[in-house]
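*Asks:* quick one, structure for this:
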Amino acid sequence: MKAVVFTAYGPPEVLRLAEVDKPVPGNREVLVRIRATTVSAEDPKMRAFKHPPLLWLPIGLLFGFRRPRKTILGMEFAGEVEAVGRDVTRYRAGDPVFGYTGTGLGAHAEYRCLPEDAIMAARPGNMSCEQAACIPNGALTALVYLRNMARLRPQEDVLVYGASGAVGTAAVQLAKVLGARVTGVCSGRNVALVESLGADEVIDYTKEDFTRSGRTYDIVFDTIGKTSLARVEGSLRPGGRYLVTVFGVRELLQMLWTWSRGGKRIVGGASNFHWTRDDLAYLRDLVELGKLTAVIDRSYPLADAAEAHRYVENGHKRGNVVLTMAGG
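*Replies:* Numbers count the residues shown, from 1 in each chain. Below you'll find the predicted structure:
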């Protein structure tokens, strides 16, 4: 099978299309034929080993310090079940599926074996493989941050910073599903997009600084790591929550401090440890009800993965960047 592999950390040029062995499912495994996957914001960081110092040790221990232990990137996928192990009962060959590979990576390939109990579900019937592949990472992140970590309540005011990215576009939609009033912050070229996702108000950050408006919010959700607690604290109401998906030592210390004193607090963490198959099935149901959609910026064939990485690395993608398989 074809896969995009890398054997050294570095720039996009370390990626190459190669022929590798097709995996064989174990007794409790499912072999998925992948039709589409994504290049998320995490993939270039993994490729170049560019992580916050706080994460160097755990990521290095898991994935390798000097060279990658896992040579095929990619965490999101959509396709269909090709074959199942003899003890699998949840899936059958031919089932359309989508899901998340987690720390096992490996979705930038034509096939991937996954445990039967992996974060995988039936693919939404009203989505293409390209669209469905965009749902797991961004939407599961947004769901866990808003529902589980922040405990968002109906009628609360939520500001989503970076509202046009993969997590941001999902956060706008899911906050509305959870009953919030939503303000999105993005660049001028993305205002119409964020409005179309249901935001009640959209702020163009190139023209207006939301922290100077005098408006306050119950939740400020920074999906891209471009703000700080010091900057946004004045925009939080008493008991407000500042959500961060990108954090380092400073943010970790602030989390401990704000939790200990009560009142306004900073919330962050590895949301993927909280994801479940039920959450993914919930997102699928929202998609089929027309309450959640995928935003695709660009689509590349698998062979052009390096170019997709360059585009994602520039930090200005709208929603998601997709890789498609030949014949998919």
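*Asks:* which ones are touching Leu302?
*Replies:* 2, 4, 17, 108, 110, 323-326 (C-beta atoms under 8 Å, 6 or more residues apart in numbering). (Each C-beta comes from the backbone N, C-alpha and C, glycine too.)
*Asks:* filter the residues you listed to the buried ones?
*Replies:* 2, 4, 108, 110, 323-325 (16 or more other C-beta atoms under 10 Å).
*Asks:* could you dump those residues to a markdown table with distance to Tyr217, secondary structure and pLDDT?
*Replies:* A markdown table is the format used below for the buried ones among the contacts of Leu302 (distance: C-beta to C-beta, whole Å; DSSP: H, G, I helix; E, B strand; the rest coil; pLDDT from 0 to 100):
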| residue | distance to Tyr217 | secondary structure | pLDDT |
| --- | --- | --- | --- |
| Lys2 | 46 | strand | 98 |
| Val4 | 40 | strand | 98 |
| His108 | 38 | coil | 98 |
| Glu110 | 44 | coil | 98 |
| Leu323 | 36 | strand | 98 |
| Thr324 | 38 | strand | 98 |
| Met325 | 42 | coil | 96 |
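*Asks:* so which of these comes closest to Glu29?
*Replies:* The closest of those to Glu29 turns out to be Glu110 (C-beta to C-beta; 16.5 Å).
*Asks:* which residue is the nearest non-sequential neighbour of that closest one?
*Replies:* Met1 (4.2 Å; C-beta to C-beta, 6 or more residues apart in numbering).
*Asks:* also Thr71?
*Replies:* With C-beta to C-beta, 6+ apart, the residue lying closest to Thr71 is Val5, at 4.7 Å.
*Asks:* can you name the residues bridging to that neighbour?
*Replies:* Residues in a beta bridge with Val5, per DSSP bridges, are Arg16.
*Asks:* check it and give its pLDDT.
*Replies:* At Val5, the pLDDT value in this model is 98.
*Asks:* how many other residues sit next to it?
*Replies:* 20 (other C-beta atoms under 10 Å).
*Asks:* now distance to Gly225 too, for the buried ones among the contacts of Leu302, in CSV please.
*Replies:* Below are these laid out as CSV (distance: C-beta to C-beta, whole Å):
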residue, distance to Gly225
Lys2, 34
Val4, 26
His108, 24
Glu110, 33
Leu323, 24
Thr324, 29
Met325, 31
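*Asks:* residues contacting the nearest residue to Gly319 once chain neighbours are set aside?
*Replies:* For Gly319, ignoring the flanking residues on the chain, the nearest one in space by C-beta to C-beta, 6+ apart is Val295 at 2.7 Å. Listed by C-beta under 8 Å, 6+ apart, the contact set of Val295 reads 134, 164, 166, 169, 193, 197, 318-320.
*Asks:* so which of the buried ones among the contacts of Leu302 comes closest to Glu208?
*Replies:* Leu323 (35.6 Å).
*Asks:* so Pro68 touches Gly10, yeah?
*Replies:* No: look at Pro68 against Gly10 with C-beta atoms under 8 Å: they stay out of range, at 10.2 Å.
*Asks:* neighbour count winner among those two?
*Replies:* Ranked by neighbour count (other C-beta under 10 Å), Pro68 and Gly10 place Pro68 first, with 20 against 12.
*Asks:* before we move on, back to that, mind checking which of the contacts of Val295 are in helices?
*Replies:* 166, 169, 193 (DSSP state H).
*Asks:* which of the helices or strands spans the residue lying closest to the first one once chain neighbours are set aside?
*Replies:* Distances taken as C-beta to C-beta, 6+ apart put Gly138 closest to Ala166, at 3.6 Å, once the chain neighbours are dropped. Assignment of secondary structure by DSSP states H and E places Gly138 within helix 136-143.
*Asks:* average model confidence for that helix?
*Replies:* On average, helix 136-143 scores 96.
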